[in-house]
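Asker: quick one: sequence and predicted model below, then my questions.
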Amino acid sequence: MTDTPVDLTKKPDKPKGLWRETFESLLRKPSAVAGMIILGSLLLIAIIAPLLATHPPNRVLLDVPEEGVSKRMDPCIHLFGCPKAGDELLNIKPDAAISMAALNSTGSLIMAVSGNTVEVWRTEDGSKLFSLPHEEPVRHAAWSANDQRILTASGEKLYVWDVNTREPLYILDHPGGATFVAWSRDGTRFASAGEQDVHFWLDCKQIAYSIACSGSSFGATTENKTFVDEGVAQLEEPWTSIQWDSNGTFLMIATGNKIQLWTSAGGVVYASKTIEHEAPVTSVRYNRESTRILSTSGNKLHIWRASSPYEELQVFEYDEPLASASWGEQTKEGNLRVLAMATSGNTLLVWDTRTGEQLDVVSAGDEPLRGAISPLATRYLGYSESTAYVWDADTNELLFSKDLDNGTIQNAVWQNTGGSIVVTGEQDIRVMKTSNFQYIMGTDGSLRDEYSRLIYATRVSLRVGFTSVTFAIILGTIAGAIAGYMGGWTDNIIMRIMDVMLAFPPLILAIAVVTILGPGLNNALIAISVVFIPAYARVVRSGVLSVKEQDYVMADRALGVSPMRILFRRILPNVMAPLIVQATLGIGTAILDAAALSFLGLGAQPPTAEWGYMLSEERNQLFTAPHLVFFPGLAIMITVLAFNLLGDGLRDALDPRLNR
């Protein structure tokens, strides 16, 4: 047997470094690899948060502005069936042909008039709540301002219904019958209109001091003195439009070539102001505050002051006759823009009333259009007898058009949030979405995008974790190294202080520190750092006590190397392995403690996007909007789990006993 020759010229393999071996060992542990992947993803999310988020974290969506937003909306993802612009959200089909429909003030209920019946439906799910039967066909109906009453006109009778009992509270007489009824915004009055007569009715239970209520002529067929007919506005020509002002003081009536503002005083109804036009008035509207009046007459659109001296403020002209006036107000980045819309044939025209500039001209189809601006003035609605159209106000892009399969369109209006339109046909009522926005994780109670806040909160939570642990490591390492290397009374003093700090539960100690410093994210960061110092001091002290007795340290002492050089160049580098493991596990704990402090109101303060604060803000909505609690809680769990997996992997990789 011959020995295998040895090649003496071959260079021996270079030994692997500690950190290379550690990394290779980590790669052999699936749990550690999973932790590194998760942490890498979180760091990437924190870095590119502005690119991933759809909105700034503290931006209220109504200020963008975005239509169709409500508090604590459910998650909406188009890929998973969330409706887009033009999709039908609801289709209500009463038993008989529909003559009119009206939403209540919140948009949660819709009232449909069908023959002798008024039916009330829930817009959320299309369920029918109740019906109000009448002896004769119902001509018109209206909700009260607080949605607790419904006013209907049937034959020569007016009915005031209680929504809760479904019974008529009062039955009033309107000679000749009314074709239109309308409550004032304060709910103290209502008007009922025939062809050329308008009756004013006053609720004496709410305004008992009125002269009209002191008389004995009450219209309600009830023993209780309630509604009284204050008087009748006799018109020279049939009216074309009627609207109360925001205070319930003036009733604006358009008739012939003029607009009249009617009111009552001392039990007498009279026209306090008449605004003349050159041509018949085709439409008239108050703005939201009833400070301006918008009217169309001939080929002109007029804007009037709605108080004395009732002067004409602006006038816009077009080549063709105008109709269907509509206001719109948009606040974007603090700038208010007031829009005025009118229709001419199949065209919608929009002007900026502040600058006098004509902004948009959009057309569709061949039939005459009626139109309205969305509540936040981001979209335009136009509808003909057979088709409804919605345009984007910024780009003039047609978002969608919807043909009515059966019958003609009676009316189309915006829902209060602007996220959908209600189209009333002869056979059905359709609610169609107008927004293409999708909120992946819904919206919170302050109308902010939950997904964007969760993304930006990654930055805050990781910063708290890394920064607090870094400070704790620096201070704990200095304290532990000095205690372990110096020994004696220095060791006793430092470690007894650490023992006192360890005697307190970590979270209780952190709360105490924040209470002294005051609530806030930075103070919470300091408190967490203080709480973690003893743990790192003990780890470093233990390592220093072990390493300082090694031969290479004794040799440095014999050579006269300074104690500081020995400590920081010889001893500390050899005690870093357990410190790194402890730090990795500690970052997850720090994030958890920061979330706990924020949950208690001692950490991040509003409107900061931080996972613990997001949990605290919506903790009372656990059963009504569980997604607002689930997503921040899941983020905390995944982040802490990732650091724990990586810490366990590092501990196994750096422990030589586990690698034998």
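Answerer: Perfect, thanks for sending it. Note that the structure is a prediction, hence the values are computed from the model and not measured. Residues are numbered from 1 along each chain as shown.

Asker: dihedrals phi and psi, residue 247?
Answerer: Dihedral pair for residue 247: phi -100, psi -10, per degrees, to the nearest 10.

Asker: can you give me the buried ones in the helix ranked longest in the chain?
Answerer: In the chain, with assignment by DSSP state H, the single longest helix is helix 450-486. Judged by neighbour count using 16 or more other Cβ atoms under 10 Å, the buried positions of helix 450-486 are 450-465, 467-469, 471-473, 475-477, 479-485. To be clear about C-beta, it is placed using only N, CA and C from the backbone, and glycine gets the same treatment.

Asker: okay, now residue 370: neighbour count?
Answerer: Close neighbours of residue 370, defined as other Cβ atoms under 10 Å, add up to 18.

Asker: my read: it touches residue 326, true?
Answerer: No. Contact between residue 370 and residue 326 fails when scored by Cβ atoms under 8 Å: they sit 9.1 Å apart.

Asker: ok, and the closest non-adjacent residue to residue 499?
Answerer: Nearest residue to residue 499, sequence neighbours excluded (Cβ to Cβ, 6 or more residues apart in numbering): residue 534, at 7.7 Å.

Asker: the one you found: which element?
Answerer: According to DSSP states H and E, residue 534 maps onto helix 521-547.

Asker: and for residue 380?
Answerer: Applying DSSP H and E as the criterion places residue 380 in strand 379-383.

Asker: buried set for that strand?
Answerer: Judged by neighbour count (16+ other Cβ under 10 Å), strand 379-383 contains these buried residues: 379-383.

Asker: one more: stretch 573-589?
Answerer: Buried positions in stretch 573-589, judged by neighbour count with 16+ other Cβ under 10 Å: 575, 577-589.

Asker: beyond the longest helix of the chain, next helix or strand please.
Answerer: Counting by DSSP H and E, the next helix or strand C-terminal to helix 450-486 is helix 488-502.

Asker: and that next one, how far out from the chain middle?
Answerer: Put simply, helix 488-502 sits 52 Å off its chain's centre (Cα atoms, centre = their mean, to the nearest Å).

Asker: before we move on, what about stretch 586-603?
Answerer: Centroid separation between stretch 586-603 and its chain, computed with Cα atoms, centre = their mean, is 26 Å.

Asker: give me phi/psi at residue 300?
Answerer: Note on residue 300: backbone dihedrals following degrees, to the nearest 10 are phi -120, psi 150.

Asker: do the one 3 residues further on as well
Answerer: Main-chain torsions, residue 303, degrees, to the nearest 10: phi -120, psi 120.

Asker: ok, for it, nearest residue in space, not its chain neighbours?
Answerer: residue 314 (4.3 Å).

Asker: quick one: secondary structure of that neighbour?
Answerer: Three-state assignment for residue 314 (DSSP: H, G, I helix; E, B strand; the rest coil): strand.

Asker: can you get me a residue count around it?
Answerer: 15.

Asker: so it makes contact with residue 305?
Answerer: No. Shown here, residue 314 and residue 305 do not form a contact pair, counting by Cβ under 8 Å, at 10.4 Å.

Asker: thinking again about what came up before, check which residues of the helix holding residue 534 are buried.
Answerer: 521, 523-541, 543-545, 547.

Asker: related to what we said a few turns ago, tell me which other helices or strands the strand holding residue 380 touches.
Answerer: For strand 379-383, the packing partners by 3 or more Cβ pairs under 8 Å, 6 or more residues apart in numbering; DSSP states H and E come out as strand 347-352, strand 358-363, strand 370-373, strand 387-392, strand 409-414.

Asker: just the pLDDT for the residue lying closest to residue 246 once chain neighbours are set aside.
Answerer: Distance criterion Cβ to Cβ, 6+ apart; nearest residue to residue 246, sequence neighbours excluded, is residue 290 at 4.1 Å. Looking at residue 290, its pLDDT is 90.

Asker: same thing with residue 333?
Answerer: 60.

Asker: was I right about residue 241 contacting residue 253?
Answerer: Yes. If you go by Cβ under 8 Å, residue 241 and residue 253 touch, sitting 7.4 Å apart.

Asker: between the two, who's got more neighbours?
Answerer: More crowded of residue 241 and residue 253, by other Cβ under 10 Å: residue 253, with 23 against 18.

Asker: and the next helix or strand past the strand or helix carrying that one?
Answerer: Take DSSP H and E as the rule and residue 253 turns out to sit in strand 251-255. Going down the chain from strand 251-255, the next helix or strand is strand 258-265, by DSSP H and E.

Asker: mind exporting that next one as CSV, just the C-alpha atoms?
Answerer: Only the C-alpha atoms of strand 258-265 are listed here, as CSV (Å, rounded to 0.1, in the frame of the first residue of the first chain):
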residue,chain,number,x,y,z
LYS,A,258,-89.8,86.7,-13.4
ILE,A,259,-88.6,85.2,-10.1
GLN,A,260,-90.6,86.1,-7.0
LEU,A,261,-89.4,85.6,-3.4
TRP,A,262,-92.5,85.0,-1.2
THR,A,263,-92.6,85.1,2.6
SER,A,264,-95.1,85.6,5.3
ALA,A,265,-95.5,88.0,8.2
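
Asker: strand 251-255 and that strand, what's the angle between them?
Answerer: Orientation of strand 258-265 against strand 251-255 (axes from the mean of the first three to the mean of the last three Cα atoms, to 10 degrees) gives an angle of 150 degrees.

Asker: state the distance from the residue nearest the centre of the chain to residue 344.
Answerer: Among the residues of the chain, the one closest to the centroid is residue 447, at 1.9 Å (Cα atoms, centre = their mean). Distance, residue 447 to residue 344, by Cβ to Cβ, to the nearest Å: 36 Å.

Asker: ditto for residue 257
Answerer: Going from residue 257 to residue 344 by Cβ to Cβ gives 19 Å.

Asker: more neighbours, those two?
Answerer: residue 344 (21 against 15).

Asker: low-confidence ranges in the stretch 251-400 of the chain?
Answerer: 332-335 (pLDDT under 70).

Asker: give me the contacts around the strand holding residue 380.
Answerer: 67, 341, 343, 348, 350, 360, 362, 364, 369-374, 388-393, 399, 409, 412, 414, 418, 421, 423, 434 (Cβ atoms under 8 Å, 6 or more residues apart in numbering).

Asker: pull out the buried residues from those.
Answerer: Buried members of those, counted by 16+ other Cβ under 10 Å: 67, 341, 343, 348, 350, 360, 362, 364, 369-374, 388-393, 399, 409, 412, 414, 418, 421, 423, 434.

Asker: contact partners for residue 361?
Answerer: With Cβ under 8 Å, 6+ apart, residue 361 has these contacts: 347-350.

Asker: from residue 394, how far out is it?
Answerer: Note on residue 361: its distance to residue 394, by Cβ to Cβ, is 15 Å.

Asker: residue 567 too?
Answerer: 66 Å.

Asker: what about the closest residue to residue 527 other than its chain neighbours, neighbour count?
Answerer: Setting aside the residues directly before and after it, residue 527 is nearest to residue 513 in space (Cβ to Cβ, 6+ apart), at 3.7 Å. Counted by other Cβ under 10 Å, the residues lying close to residue 513 total 19.

Asker: surely residue 513 is in contact with residue 525?
Answerer: No. Look at residue 513 against residue 525 with Cβ under 8 Å: they stay out of range, at 10.6 Å.
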